[in-house]
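# Got a predicted model here, sequence first, then my questions.
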Amino acid sequence: MRWRPPRQTPVSPYITPAGAAALRDELDRLWRRERPQVTAQVQAAAKNGDRSENGDYIYGKRRLREIDRRVHYLRRRLTEVVVITEPPADTGRIRFGARVRLADDHGTEFCYRLVGSDEIEPAKGWISIDSPLARALLGRGVGDLVTATGRGHWRVLAIAYATDPRESAEGR
């Protein structure tokens, strides 16, 4: 295994129940379905003789390494994560899992949801709790002015937390 320098900023361990379920599903899919298929393809390709020029063998082995790397990451990550199932006691402040409506200097409104680093989806407005904007928002309340490095000024218009488990899973 190759040495890598440690991460500069640690990743938050928090995740939503839907995010944890998605990680478990991906691990199950990779380990129980995809890896056995690729292993069978590599074994079949190995029987064809010269492996140095056998594309199926070479690319299959590469895919196995990718799968094994991801499986290793998922197993380790699932032991580290803290699943947040309940909203915080003070729902008037921005914490993990909050849906936040902001307005910039020009009055344009944006909606974001603060989620774990493994479940970000920019198209849905889901940003990592570790992002500069999310860090600037943490602990703020409605009406507060927030300055995010390189992003400008924002005013907090509304804060909401998912109370229905289905809402959390569907990403609404």
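The structure has been received and is ready for your questions.

# The longest helix along the chain: which residues count as buried?
Identified as the longest helix of the chain according to DSSP state H is helix 55-80. Neighbour counts over helix 55-80 (16 or more other Cβ atoms under 10 Å) mark Tyr57, Gly60, Lys61, Arg63, Leu64, Ile67, Arg70, Val71, Leu74, Arg77 as buried. C-beta coordinates here come from the backbone N, C-alpha and C atoms, glycine included.

# closest to Pro87 among those?
Among these, Arg77 lies closest to Pro87 (Cβ to Cβ), at 23.5 Å.

# What segments of this protein are strands?
14-15, 82-83, 98-104, 109-115, 126-128, 145-148, 152-161 (DSSP state E).

# Against Val42, how distant is the residue in the chain sticking out farthest from the centre?
Distance to the chain centre peaks in the chain at Gly49, reaching 41.8 Å (criterion: Cα atoms, centre = their mean). Using Cβ to Cβ, to the nearest Å, we find Gly49 at a distance of 14 Å from Val42.

# cool, and Ala18?
As judged by Cβ to Cβ, Ala18 and Val42 stand 34 Å apart.

# same question, Thr91
Going from Thr91 to Val42 by Cβ to Cβ gives 52 Å.

# So for the two, which sits in the more crowded spot?
Taking neighbours as other Cβ atoms under 10 Å, Thr91 and Val42 compare with Val42 leading, 20 against 13.

# tell me the contacts of that one?
Asp56, Tyr57, Gly60, Lys61, Leu64 (Cβ atoms under 8 Å, 6 or more residues apart in numbering).

# Was I right to think the last one contacts Arg35?
Yes. Applying Cβ atoms under 8 Å as the test, Leu64 and Arg35 come out as touching, 7.1 Å apart.

# what about Ile159, how many residues close to it?
Should you count by other Cβ under 10 Å, Ile159 turns out to have 18 residues around it.

# shouldn't it be in contact with Ala98?
Yes. Proximity of Ile159 to Ala98 meets the contact threshold set by Cβ under 8 Å, at 5.5 Å.

# before we move on, the earlier item: with mean pLDDT added, can I get the strands of the chain in a markdown table?
Below are the strands of the chain laid out as a markdown table (pLDDT from 0 to 100):
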| stretch | mean pLDDT |
| --- | --- |
| strand 14-15 | 94 |
| strand 82-83 | 95 |
| strand 98-104 | 95 |
| strand 109-115 | 95 |
| strand 126-128 | 95 |
| strand 145-148 | 89 |
| strand 152-161 | 92 |
